[in-house]
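J.: Generate a structure from the sequence data that follows.
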Amino acid sequence: MIEWSAEQRALREGLERHGEELNAGHLERESEMRFPEGPWEVLGRSGLFGLPFGPEWGGSGRDLLTTMYVLEGLGRVCRDPGLNFSAVTHMVSTGIPVQRFGSRRLKDACLPGVVEGRTIGAHAISEPGAGSDALAMTTRAVPDGDGYVVNGAKAFVTNGPVADQFVVYARTDSGNGPLGLTAFLIGARTAGLRVGPPMEKMGLRTSPLSELTLDGCRVPRENVIGRPGSGYLVLDHVMRWEVLCSFVTTVGEMRHRLDRCIEYARTRRQFGAPIGSFQALSHKIVDMRIGVETARQWLYRTAERMVRGDDVTADVAMAKLVTSENNLSSALAAVQVFGGYGYLSESGLEKDVRAAVAGTIYSGTTEIQRDRVAAMLGLHRSKDGHRQRESSTGTERVRT
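T.: Here you go, the predicted model:
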């Protein structure tokens, strides 16, 4: 595993000292489906949002691995998975594409607010008729004078009800291929953009979700992120960051849950002995530990390979699978460890179960991830008679 420097450890410890402020009233907020404005400001002051962004925009210019390490600490100290999820969406899905692909003018306009947390970011990919199939999106952006006119509808927009700016993906040609998408940065007050009401959901309830409608929404040409038609490349980069950063936060949450279960199993007594001495229960906790370590290793190893420039398409898919499924298993096991107390809302463990289900759906469902890996193993045949296979140099298309 990676040897973290004293500076990296200090960054993480500095964030973890804010735990009490982040967690105050988190169960009430979750029950009321209320966005955590106070804790959001705490994260802004802590410097978390600025980790991967350059000093010229107020950030600290940290690399991917350092950012992940601190986010793992956030997951371990913060008991509000909705806040954690909204924070990563804001940083990664809004800030990262602008920093990596945006013009200097767009960066100067957008990134200082992202770093400070004063302009909340969201991104809009999924549509009512096209969830995980991004290439099936029907939102259109048509060139018009010195800009574009965007029409369409988006669904499942994380941070939508509280966002100040959106990264919106739209089709800019009449085909359905990957080169026909373009990414735009659109302000929440832009005429023709309408945000729907918050959608009540099963878990991650402090992370607000909504639909987004674009009706004759005019966007200046300078708000294109990257080049017209390069939106799929932007999205691919964002999704890799999103999986690594979101799910390393999940690993921190899993580690905290494991620690709770170990302590409870050592101190809770039944039938004259600590419940941790019973094999059936101790094995559940061992499996939780294995899940934490396996997920952590997959995520950091994938990040190291990505930084080196390796093809990590399959690695990202497998890292998401391993982490999301182990997190759900861990959350269910924790409820069993605590028994009746784990089933009570006040324990926070039933909340963890509901939040963990989301991890098997967002950023591409577990079924989509398995399909992706299967295709790279040459097990799926495309409509044109080709199949994909994974090789030492990347992904090849082979005639069958």
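
J.: Tell me how this protein divides into domains.
T.: 6-120, 122-228, 233-399 (automatic domain parsing).

J.: mind listing what the residue positioned nearest the centre of the chain touches?
T.: What sits nearest the mean C-alpha location of the chain, by Cα atoms, centre = their mean, is S246, with 3.7 Å. Contacts of S246 were listed using Cβ atoms under 8 Å, 6 or more residues apart in numbering, and they are 85, 88, 92, 359, 362-363. To be clear about C-beta, it is placed using only N, CA and C from the backbone, and glycine gets the same treatment.

J.: is it possible to export the residues you listed to JSON lines including pLDDT?
T.: Below are the contacts of S246 laid out as JSON lines (pLDDT from 0 to 100):
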{"residue": "F85", "pLDDT": "98"}
{"residue": "V88", "pLDDT": "98"}
{"residue": "V92", "pLDDT": "97"}
{"residue": "G359", "pLDDT": "96"}
{"residue": "Y362", "pLDDT": "92"}
{"residue": "S363", "pLDDT": "90"}
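
J.: In these, find the pair that's most separated.
T.: Greatest spatial distance among these (Cβ to Cβ): V92 and G359, at 15.3 Å.

J.: so how far is F278 from the residue of the chain most remote from its centre?
T.: The centre of the chain is farthest from one residue, G272, which by Cα atoms, centre = their mean lies 44.4 Å away. Separation of G272 from F278 (Cβ to Cβ, to the nearest Å) stands at 11 Å.

J.: same for the helix or strand hosting E304, what does it pack against?
T.: For E304, the enclosing helix or strand under DSSP states H and E is helix 279-308. On a contact count with 3 or more Cβ pairs under 8 Å, 6 or more residues apart in numbering; DSSP states H and E, helix 279-308 meets helix 64-77, helix 231-267, helix 313-338.

J.: Now distance to R189 and mean pLDDT too, for those helices, in a markdown table please.
T.: Shown next, in a markdown table, are these (distance: least, Cβ to Cβ, whole Å; pLDDT from 0 to 100):
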| stretch | distance to R189 | mean pLDDT |
| --- | --- | --- |
| helix 64-77 | 30 | 98 |
| helix 231-267 | 23 | 97 |
| helix 313-338 | 34 | 97 |
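
J.: rounded to a whole number, what's the mean pLDDT of the helix holding E304?
T.: The average pLDDT within helix 279-308 is 98.

J.: gap between that helix and the chain center?
T.: Centroid separation for helix 279-308 versus its chain: 18 Å, with Cα atoms, centre = their mean, to the nearest Å.

J.: Stretch 368-382 too?
T.: 23 Å.

J.: That stretch: which residues count as buried?
T.: 368-369, 371-373, 375-376, 378 (16 or more other Cβ atoms under 10 Å).

J.: and what of stretch 285-302?
T.: 285, 288, 291-293, 295-296, 298-300, 302.

J.: Show me the shaky parts of the protein.
T.: Judged by pLDDT under 70, the chain has its weakly predicted residues at 131, 381-400.

J.: which residues in it form helices?
T.: 6-16, 19-23, 26-32, 37-46, 64-77, 81-88, 96-101, 104-116, 231-267, 279-308, 313-338, 340-343, 349-359, 366-376 (DSSP state H).

J.: Pick the most deeply packed of those.
T.: With neighbours defined as mean count of other Cβ atoms under 10 Å, the helices of the chain peak in mean count at helix 81-88, which reaches a mean of 26.

J.: Just list what it packs against, helices and strands only.
T.: Judged by 3+ Cβ pairs under 8 Å, 6+ apart, helix 81-88 is in contact with helix 37-46, helix 64-77, helix 231-267, helix 349-359.

J.: Kindly reformat these as a markdown table containing distance to I225.
T.: Listed next are these as a markdown table, based on distance: least, Cβ to Cβ, whole Å:
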| stretch | distance to I225 |
| --- | --- |
| helix 37-46 | 23 |
| helix 64-77 | 19 |
| helix 231-267 | 6 |
| helix 349-359 | 26 |
